[in-house]
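Asker: Okay, structure incoming, though there's no sequence with it:
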């Protein structure tokens with residue numbers, strides 16, 4: 001039987017699909033993930049009987065991230081992350097879900113993707129499809145397009161299966177990759193900077209950067225600065241009042257409509273009926289010249305008689321709302337219900353999954369002609385709160401087709417109720433009631449009233465009074481969230497004269513703008529294109545979670561010192577991170593990708609270049625950046641040593657290949673070294689001696705000697721701590737390649753390490769730079785791959801104990817057991833006293849053991865090597881012949897041989913090249929100690 005795999009975005013959606021298509025008879029079983037069960041039932045596909053398997057994911061199945069070698073904040077230069085590879089993989093949280101899909105995909109012939117019908121849903125669809133095709137490359141795929149979890153919508157979606165939109169998925173890939181790169185670069189930079197230089201920041205505190213978070217923060221900071229910098233000014237005006245002598249309204253007014261409207265709490269106290277005085281508005285409104293207003297006031301007081309100059313009457317309307325989209329849902333609910341945007345979207349998502357409302361993430365604010373709106377209205381007849389009003393819409397003449405808005409995503413209709421919410425409680429009920437009332441209001445007629453404007457004159461100054469009488473409430477009867485109330489005024493006629501109750505000289509001050517509220521912030525973000533209708537709430541939540549802003553009195557957003565410091569620091573460099581331009585341009589480019597007018601790579605590379613240039617400018621002007629931060633935070637008097645301050649490439653790794661860089665780094669203790677970027681997989685490193693070098697600066701000069709060996713190495717300007725004692729390296733700073741230059745070979749130690757590709761326990765072996773270069777020289781036959789160079793040409797009687805050979809099986813002397821390709825120091829002689837500390841740094845290492853014939857005393861050459869390695873004859877190594885090791889029985893013989901051969905030793909010693917004194921070489925020079 002044909003087997004079809006169905007994948008939804010959430011378990012609740014998968015359950016609803018299974019219940020609907022199986023007519024409430026699905027078989028339930030558990031998958032690999034306990035939170036994502038499986039439903040099975042028989043159904044028909046293209047008139048062919050099939051076995052349906054329905055399961056779900058939980059959001060994105062795959063994670064986008066950098067490879068493991070780029071995860072370390074201390075080992076990787078943030079600048080590299082702009083060009084570092086990224087990979088998409090199933091993370092640990094989704095591994096069980098992926099295993100379920102893998103098992104079912106192997107058995108299925110087709111997969112139907114029931115993911116949400118938006119950009120993110122399309123992207124998740126291709127993630128699921130990619131995972132299925134990995135285990136079944138012949139599997140077919142279809143896309144179900146639906147707007148609500150009703151039987152009608154799900155059945156229609158099954159009958160009209162399509163294909164997923166790849167361009168929408170690509171646009172999400174572009175956004176995710178760009179957010180990953182820019183977020184990682186600037187987050188690492190500003191986090192490490194604040195942690196190291198200022199007090200109050202923990203070692204693990206993350207100072208996050210996001211291309212949508214910062215413009216969101218910028219809106220809050222901008223309003224805060226406008227309020228902070230606002231300068232109040234005094235202004236003056238004339239206030240004219242009369243007694244309230246209004247009459248009851250006409251008896252033919254629709255009292256039922258009025259009582260329904262006035263029952264809600266949003267409109268109490270909005271009329272003039274209970275006021276003792278009715279105030280006229282001065283036509284000049286206000287003046288800032290006190291003397292001028294005083295003169296006009298004196299004129300009015302001297303001749304206070306008022307004359308009615310004109311009475312202007314006109315009909316007036318209160319317009320019904322447009323159909324509800326996601327942004328308006330968040331803005332209006334936040335304003336009227338006092339819920340934050342994140343909570344509103346979570347409740348709306350829950351109502352959608354339970355089948356109470358249509359899909360809540362939509363940009364559309366007009367119903368398509370294919371939807372019968374009256375059928376949707378009739379659903380609310382079963383709700384006691386709305387049944388009377390619904391009857392008026394369907395049976396009376398109150399119905400009016402919804403208005404057509406100018407926004408559309410061509411995917412989903414506006415948000416509307418699907419079934420009555422009689423069983424809901426708490427905030428779920430409040431949000432559902434708002435959606436239902438909004439839907440009924442947009443299907444009603446506009447409210448109608450009569451407006452009257454009376455103009456009077458006193459001593460040449462004009463004053464106006466506006467009255468309003470509502471004739472038909474219409475949509476206001478059901479939509480209690482709008483304010484429009486009667487303003488009843490006395491009856492006047494032109495030419496009428498009267499004496500006002502009072503004429504007063506008033507003084508006041510201009511008021512600064514209030515801090516941003518959440519509805520205002522949502523409106524600004526939507527207007528400037530920051531985020532999408534589905535992500536606006538997340539961005540607002542993140543800036544609060546990161547402690548960039550706080551919400552005062554659960555109403556106004558106020559930036560914290562951290563938020564102000566970051567915005568002002570980036571603004572001081574001339575960036576527009578806190579402005580909406582960068583993100584709005586990206587959102588516009590993503591829409592062009594969806595329409596096929598732009599290429600993915602072009603959009604990605606252009607935006608990466610933009611942020612990369614900004615980051616380079618930030619690094620070059622770091623002092624200016626820090627100066628702004630110091631206005632808000634206290635400098636750390638004892639800052640920790642900043643790891644990897646420069647992250648400069650010094651060469652390509654000889655172990656990993658030309659694609660991997662070796663970087664100049666700094667340890668926590670302040671020691672400078674060079675390490676492979678592929679650490680810990682590769683442990684190649686170069687360690688300069690701490691008591692020799694004072695500073696190492698990487699230049700752009702390429703070492704030609706290394707280049708011939710296919711290694712790209714940059715020369716360095718080396719400065720030394722004791723310059724007069726290293727006169728042979730003048731001029732200072734001395735420019736050299738620290739990898740191959742023989743003049744500084746004795747001052748550096750190269751650790752070749754091993755590349756752990758198969759998780760093998762390879763030993764780290766330390767080589768002298770000079771010796772390693774000799775081993776690499778293919779022209780030197782003595783160190784070729786075909787030559788063991790074991791120096792085992794000594795007589796057999798010297799090899800007293802064959803079992804003590806230093807082979808790989810019982811090697812106690814780890815540092816003397818080298819690989820075959822450079823095995824020139826595999827001493828199998830029983831008199832070998834070379835310990836684990838002997839690195840054989842002698843430049844004349846190739847000749848040490850060739851100056852004597854095989855019958856000569858081998859210990860003599862051994863002493864020679866110990867001498868050149870600055871090791872005493874006490875035999876501290878673990879090899880045979882060392883007094884401190886397990887084979888320490890030959891120490892007396894070694895001391896005798898040393899005395900017997902002292903003349904030979906003295907004849908071989910040359911003058912030290914550092915201090916020019918005989919008796920020692922540069923390795924043992926006391927001036928360097």
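Answerer: The structure has been received and is ready for your questions. Bear in mind that the values here come from a model prediction, so they are computed numbers and not experimental data.
Asker: quick one: secondary structure of the most centrally placed residue in the chain?
Answerer: For the chain, residue 183 is the residue whose C-alpha lies nearest the centre (C-alpha atoms, centre = their mean; 4.4 Å). Look at residue 183: counting by DSSP: H, G, I helix; E, B strand; the rest coil, its state is helix.
Asker: swap in residue 401?
Answerer: coil.
Asker: Next, give phi and psi for residue 609.
Answerer: Backbone torsions of residue 609, given as degrees, to the nearest 10, read phi -60, psi -40.
Asker: sorry, back to before: isn't the residue nearest to the centre of the chain right next to residue 209, touching?
Answerer: Yes - with contact defined as C-beta atoms under 8 Å, residue 183 and residue 209 form a contacting pair (5.7 Å). (Glycine included, C-beta is placed from N, CA and C.)
Asker: Below-threshold pLDDT in this structure: ranges please.
Answerer: 246-275, 410, 639-648, 668, 722-732, 754-911, 913-916, 919, 922-923, 926-929 (pLDDT under 70).
Asker: again, 50 this time
Answerer: Low-confidence regions of the chain, defined by pLDDT under 50, span residues 248-253, 265-271, 643-646, 755-909.
Asker: What distance do you get for residue 5 to residue 122?
Answerer: Noted for residue 5: a distance of 18 Å to residue 122, by C-beta to C-beta, to the nearest Å.
Asker: Check residue 145 too.
Answerer: 11 Å.
Asker: Compare these two (neighbour count), which wins?
Answerer: Comparing residue 145 with residue 122 by other C-beta atoms under 10 Å, the one with more neighbours is residue 122, at 25 against 19.
Asker: Run through the neighbouring helices and strands of the helix or strand encompassing residue 351.
Answerer: Using DSSP states H and E, residue 351 sits within helix 341-353. Counting contacts by 3 or more C-beta pairs under 8 Å, 6 or more residues apart in numbering; DSSP states H and E, helix 341-353 is packed against helix 11-21, helix 326-336, helix 426-442, helix 536-545.
Asker: List the buried residues in the last one.
Answerer: Looking back up the chat, that one is helix 536-545. 536-544 (16 or more other C-beta atoms under 10 Å).
Asker: try stretch 501-520
Answerer: Neighbour counts over stretch 501-520 (16+ other C-beta under 10 Å) mark 503, 505, 515-520 as buried.
Asker: residues contacting residue 81?
Answerer: 66, 70, 181, 184-185, 188 (C-beta atoms under 8 Å, 6 or more residues apart in numbering).
Asker: Repeat the analysis, applying 10 Å as the threshold.
Answerer: 66, 70, 180-186, 188, 612, 615 (C-beta atoms under 10 Å, 6 or more residues apart in numbering).
Asker: Equivalent analysis for residue 437, please.
Answerer: Neighbours of residue 437 in contact, by C-beta under 10 Å, 6+ apart: 321, 380, 385-386, 389, 417, 475, 478-481.
Asker: ok, now how distant is it from residue 346?
Answerer: 21 Å.
Asker: before we move on, what about residue 740?
Answerer: 62 Å.
Asker: These two: who's more crowded?
Answerer: residue 740 (21 against 15).
Asker: does the more buried one count as helix, strand or coil?
Answerer: What three-state DSSP gives for residue 740 is coil.
Asker: Surely it is in contact with residue 703?
Answerer: Yes - Residue 740 is within contact range of residue 703, at 6.6 Å (criterion: C-beta atoms under 10 Å).
Asker: Show me the common contact partners of the two, please.
Answerer: Joint contacts of residue 740 and residue 703 (C-beta under 10 Å, 6+ apart) are 651, 709, 711, 713.
Asker: Give me the buried subset of the residues you listed.
Answerer: 651, 711, 713.
Asker: Can you name the residues that contact residue 219?
Answerer: Residues counted as contacts of residue 219 (C-beta under 10 Å, 6+ apart) are 516, 520-521, 524-525, 528, 530, 543, 549, 557, 578-580.
Asker: what separates it from residue 329, distance-wise?
Answerer: Taking C-beta to C-beta, one finds residue 219 at 20 Å from residue 329.
Asker: and if you look at residue 99?
Answerer: Applying C-beta to C-beta, the value for residue 99 to residue 329 is 37 Å.
Asker: Looking at these two, which is more packed in?
Answerer: residue 329 (26 against 14).
Asker: how far away is the more buried one from residue 80?
Answerer: 42 Å.
Asker: same thing with residue 96?
Answerer: For residue 96 relative to residue 80 (C-beta to C-beta), the value is 34 Å.
Asker: One more: residue 120?
Answerer: 29 Å.
Asker: How about residue 191?
Answerer: Computed as C-beta to C-beta, the residue 191 to residue 80 distance reads 17 Å.
Asker: neighbour count winner among the two?
Answerer: Set side by side, residue 191 and residue 80 show more neighbours around residue 191, with 19 against 16, by other C-beta under 10 Å.
Asker: Not counting its neighbours along the chain, what's nearest that one?
Answerer: Counting by C-beta to C-beta, 6 or more residues apart in numbering, residue 207 is the residue found nearest to residue 191 once chain neighbours are left out, at 4.5 Å.
Asker: what about the one you found, which SS state?
Answerer: Looking at residue 207 with three-state DSSP, the answer is coil.
Asker: before we move on, what about residue 650?
Answerer: Here residue 650 is strand, with the state taken from three-state DSSP.
Asker: if I pick it, what's in contact with it?
Answerer: 661-665, 674-675, 686, 696, 698-699, 712-716, 737-739.
Asker: Just the endpoints, please. Distance across stretch 380-397?
Answerer: End-to-end distance for stretch 380-397: 18 Å, by C-alpha to C-alpha, to the nearest Å.
Asker: Give me the neighbour count for residue 178.
Answerer: 19.
Asker: what do you get for residue 491?
Answerer: Residues near residue 491, counting by other C-beta under 10 Å, number 12.
Asker: Make sure it is actually in contact with residue 313.
Answerer: No - using C-beta under 10 Å, residue 491 makes no contact with residue 313, being 11.7 Å away.
Asker: May I have the beta-bridge partners of residue 112?
Answerer: In this entry, residue 112 is beta-bridged to residue 6, residue 142, by DSSP bridges.
Asker: So it sits against residue 7, correct?
Answerer: Yes - taking contacts as C-beta under 10 Å, residue 112 lies within contact range of residue 7: 7.4 Å.
Asker: Now for these two: what residues contact both?
Answerer: Common neighbours of residue 112 and residue 7 (C-beta under 10 Å, 6+ apart) are 17, 53-54, 144.
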